[in-house]
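> Predicted model and sequence below, questions to follow.
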Amino acid sequence: SCVHPDRPEPLDLHLGMFLPTLLNQATPEQMERFFTPAWNLRIIGTYAQTEMGHGTHLRGLETTATFDPSTQEFVLHSPTISSIKWWPGGLGKTSNHAIVLAQLHTQGRCHGLHAFIVPIRDMDTHVPLPGVVVGDIGPKFGFSEVDNGFLKLEHVRIPLDNMLMKFAKVEPDGTYVKPPSAKLTYGMVFIRSMIVGQSALALAKSCTIAIRYSAVRHQSELRPGEPEPQILNYQTQQHKLFPVLAAAYAFTFVGQYMKDTYRRISGDIHAGDYSQLPELHALSAGLKAFTTWAANAAIEVCRMSCGGHGYSRSSALPDIYVEFTPTCTYEGENTVMMLQTASRYLVKSYRQASVGQRLQGSVSYLSEAAAQRLRPRPVSGGAAPLSTQDLLSLVHLYQRRAASLVELAAKSIQQELQRGRSQEEAWNHSSIDLVRASDAHCHFVVVKLFVDKLEQVDDAAVKAVLSTLALLYALKGLADNSGDFLQAGLLTVPQATRVSARIKELLEELRPDAVALVDAFDLNDRKLNSVLGRYDGNVYEHLYEWARQSPLNATEVHESFHKYLKPLRSRL
Ligand SMILES: CCCCCCCCCCCCC/C=C/C(=O)SCCNC(=O)CCNC(=O)[C@H](O)C(C)(C)COP(=O)(O)OP(=O)(O)OC[C@H]1O[C@@H](n2cnc3c(N)ncnc32)[C@H](O)[C@@H]1OP(=O)(O)O
Ligand SMILES: Cc1cc2nc3c(=O)[nH]c(=O)nc-3n(C[C@H](O)[C@H](O)[C@H](O)COP(=O)(O)OP(=O)(O)OC[C@H]3O[C@@H](n4cnc5c(N)ncnc54)[C@H](O)[C@@H]3O)c2cc1C
C-alpha cells in the first residue's frame, strides 16, 4: 500500500505499476479525484498493459479505446482473443480498477497507446461490471500469492476524464492534443530503476544465508585427523560466495544511484526538460537487465552452496529464487531491454561521438574513445591492475572494453548494410553484438559507481574492506569476460593469469570479514525467514523444529494405511 502525501490514511493496495503510472501520467485534478475518500476507500488498482498476444511489442497491443463525442465517453474493447489483457498482478480476483493501455482512436485516426482508468468491479459488491470478463490466469512457476489475471473488455464505456491526460489530451469534440514528447507515454523507467535495488536486496539476503550457514556447517576433512572444517574455509566455497557478496554491495550502490537519478531526471521532466529522458531510459532498461540476470544466477549459486538444506524451503533460498526470477521477464524482458540500451542509446551516441560530439552522462567515454581512436594508445603490457590502488585503472579498462564492444556492434551493422541488408535486418543480424555492448556498458557503470562510492567512505577500516570487495568484483568480471579484454587488446595472457592468482589471494583476505560483511546488511531473522541464515547460528535445532512443524507430521500414519499395505505385502 502507498500513502498519498496529503492524506495520513494509507491507500489501498496498488499493484505493480498502478500507482507509479497514476503519479506519472494523471493530471492534478485526476489525482484529486482518484485519491479523494470516495476513491481511496477501497480502490485497488492494477496495471493492464500486456496482452495474451503481446507483452514486449507495445506498438502491437490490440485493445482499443474509441472516443464517442456524442456521449463524451471512450469505448474500451478487446477485438481478438490475443488482445485479452494477460498477466496483470492482482487482476484475477482483487482489483476493482485497472489502468488499461489501449490504442486511442478519435476522429477516425489512431494515436497510439494511451492509459485509461477502467473500473472493472463494483465498488460495493466486487462483482465484475457489465462488459468486463475477468479472472485468474491459473497456476504459475511461483508468485502464487499474486492473482495474475486476464481481462476481456466488451465495448465498455468510461467517461472522457478517465484517460490519463497529464501529457496527451482528447478535447470534448474529439480533437487529439499530442504529448510534449511521445516517449512520455512509455513510462516504466520508475519501476525498472527500483528493480535494481531489488536485485541488491535479493543478493544480500541470499549471500547472508549462504555465508552464515557456511560458517556454521562443518563438513569433510581438510587435514587428516583434524575436526571437520567450516565449509567457508574451502576455496571453492569462497569462490562461489564472495563474488556474490561483492556484487550485493555493488548493486546496493547502483540501486541508490538509480533512485537518485530517477528522482533528479523525473524532476527535470516535470519541469518540462526532457533532455535526460534517453539517459534515464537507457540506464534503467540496461541496469534492470544486467542486475536481475546476475542476481538470478547468483541466488541459485547460494542455494546450491548450501547443499541439501539449501533445497529445503526452510533455507528460504527456493522462495527467494521463485519470487525474484520473474524480474528478468516483467517490466521489460531482459534481452529486449539490453537491445533498447544498445540500439536506442549506445550506437546512437557512438555515431555522435564519431563526428566529434562531446557526450555527457554515462556514455561520455565514447567521446574519449573516439578521440583516442584518432590517437591510438598502446596498451601497457606491464603489471596487471591488481591492487586497490589500481581501482581507477580497472574502471578505465572496463570503460575501454565497453567502448570497443559498442564500436564492434556499430561496425557489424555497417557491414550488414554493406552486404545489402535492410536497416532492420542489419540490426537484427547484429543483435548478439548489441546485447554484448549493453552488458559491457552496464558492467562499466557498476564498477565505476562502486569505485566512486569508496570516495565517500570516511572510516579507514570500512574503506579498506570495501575496496577489497570492489577489487574482487572488478577482477572477477575481468576473469569471467577475459575474452572481451584479450580481444580488445586490453589484457595480455600473462596478465590474465595474474588476475586469477590475485582473485585467490583476495578470497583469503576476505575470509575473516565475510560474516561481518553480511551482518552489515542488517537483515533481521524475520526478514530473512531462513533457518540456515539465523543470526544466532542455531541451525540444527531450528531445522529439526521446523521439520516437526510440517503438516505431514501432525498425524501418525493411519492404521487403515497398514490394512491397505498388508494385503499388498502378502502378495509381494
Ligand atoms: C517503491 C516501490 C519499489 C518497488 C520495487 C519493484 C517491485 C516490482 C514489482 C512489480 C511487479 C510486477 C509488475 C509487472 C508489470 C509489467 O511487466 S508491466 C509491462 C511491462 N512491459 C514492458 O516493459 C514492455 C517492453 N516493451 C517496450 O518498452 C517497447 O515495446 C520497446 C521495447 C521500447 C519498443 O517500443 P517501440 O515503440 O518499438 O519503441 P522504439 O522504436 O524502440 O523507441 C522509440 C523511442 O522511444 C524511446 N523509448 C522507448 N521506451 C522508452 C521508455 N520507457 N522511456 C523513455 N523513452 C523510451 C526509445 O529510446 C526511442 O527513442 P528515439 O531513439 O529517440 O526515437
Ligand atoms: C510474474 C509476472 C508478473 C507480470 N505482471 C504484469 C503486470 O502487472 N502488468 C502487465 O502489463 N504485464 C505483466 N507481466 C507481463 C510482462 O510484462 C511480459 O511478460 C513481459 O513484458 C515480456 O513480454 P512477453 O511475455 O510478450 O514476452 P516476449 O516478448 O514474447 O518474449 C519471448 C522471447 O522473445 C524475445 N523477443 C521479443 N521481442 C524481441 C525483439 N524485439 N528482439 C529480440 N528478441 C525479442 C524475448 O527476448 C524472449 O526471449 C508480468 C509477467 C510476469 C512473468
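All right, it came through fine. Residues are numbered from 1 along each chain as shown. Ligands and ions are numbered 1, 2, ... in the order given.
> Low-confidence ranges, the protein, go.
Confidence mapping of the chain against pLDDT under 70 gives the ranges 1-16, 35-42, 374-382, 560.
> Can you get me the centre-to-centre distance for the longest helix seen in the chain and its chain?
Across the chain, the longest stretch assigned as helix under DSSP state H is helix 235-270. Offset of helix 235-270 from its chain centre (CA atoms, centre = their mean, to the nearest Å): 11 Å.
> Name the residue of this protein with the shortest distance to ligand 2.
Residue nearest to ligand 2 within the chain (CB to the nearest ligand atom): G55, separated by 2.3 Å. Where you see a C-beta, it was placed from the backbone N, CA and C, and this is true even at glycine.
> That residue: neighbouring residues, count only.
By the criterion of other CB atoms under 10 Å, G55 has 18 neighbours.
> where does it land in three-state SS?
G55 carries the three-state label coil when classified by DSSP: H, G, I helix; E, B strand; the rest coil.
> where does the stretch 1-150 of the chain come near ligand 2, residue by residue?
G16, Y47, A48, Q49, T50, G55, T56, W87, P88, G89, F143, N148 (CB under 6 Å from any ligand atom).
> ok so, going back, helices or strands up against the longest helix of the chain?
In terms of contacts (3 or more CB pairs under 8 Å, 6 or more residues apart in numbering; DSSP states H and E), helix 235-270 is packed against helix 189-216, helix 277-304, helix 431-454, helix 460-480, helix 493-510, helix 514-519.
> Around ligand 1, which positions in the chain sit nearby?
16-17, 47, 49-50, 55-59, 89, 183, 186, 188-189, 191, 194-195, 198, 277-278, 281, 330-332, 336, 340, 344.
> List only those of these flagged as buried.
With burial judged by 16 or more other CB atoms under 10 Å, the buried subset of the residues of the chain next to ligand 1 is 16-17, 47, 49-50, 55, 89, 183, 188-189, 191, 194-195, 198, 277-278, 281, 330-332, 340.
> Just read off the phi/psi values of the closest residue to A488 other than its chain neighbours.
Of all residues not flanking A488 in the chain, S404 sits nearest, at 3.9 Å (CB to CB, 6 or more residues apart in numbering). Dihedral pair for S404: phi -70, psi -30, per degrees, to the nearest 10.
> List the contacts of R436.
Counting by CB atoms under 8 Å, 6 or more residues apart in numbering, R436 touches L405, L408, A409, D484.
> just curious, which of those is nearest to ligand 1?
So of the contacts of R436, ranked by how close each gets to ligand 1 (CB to the nearest ligand atom), first place is A409, at 15.6 Å.
> Out of the contacts of R436, give me the two with the largest separation.
Using CB to CB, the two most remote members of the contacts of R436 are A409 and D484, lying 12.4 Å apart.
> With neighbour numbers in mind, choose between these two.
A409 (26 against 22).
> In this structure the more buried one contacts D433, no?
Yes - the criterion here is CB atoms under 8 Å, and A409 meets it with D433 at 3.9 Å.
> count of residues packed around the closest residue to ligand 1 within the stretch 401-550 of the chain?
Residue nearest to ligand 1 within the stretch 401-550 of the chain (CB to the nearest ligand atom): W427, separated by 10.5 Å. Neighbour count for W427, taken as other CB under 10 Å: 20.
> go on, R263?
Neighbour tally, R263, other CB under 10 Å: 11.
> where exactly do the helices run in the stretch 301-450 of the chain?
307-311, 317-324, 334-341, 347-354, 364-374, 391-418, 423-428, 431-454 (DSSP state H, counting those that start in this stretch).
> Redo those as TSV? Include distance to F34.
Output for the helices of the stretch 301-450 of the chain, formatted as TSV (distance: least, CB to CB, whole Å):
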stretch	distance to F34
helix 307-311	45
helix 317-324	29
helix 334-341	29
helix 347-354	37
helix 364-374	41
helix 391-418	43
helix 423-428	40
helix 431-454	36
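> Please render those helices as CSV that adds distance to ligand 2 to the earlier fields.
What follows is the helices of the stretch 301-450 of the chain, written out as CSV (distance: least, CB to the nearest ligand atom, whole Å):
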stretch, distance to ligand 2
helix 307-311, 23
helix 317-324, 9
helix 334-341, 4
helix 347-354, 15
helix 364-374, 23
helix 391-418, 14
helix 423-428, 7
helix 431-454, 6
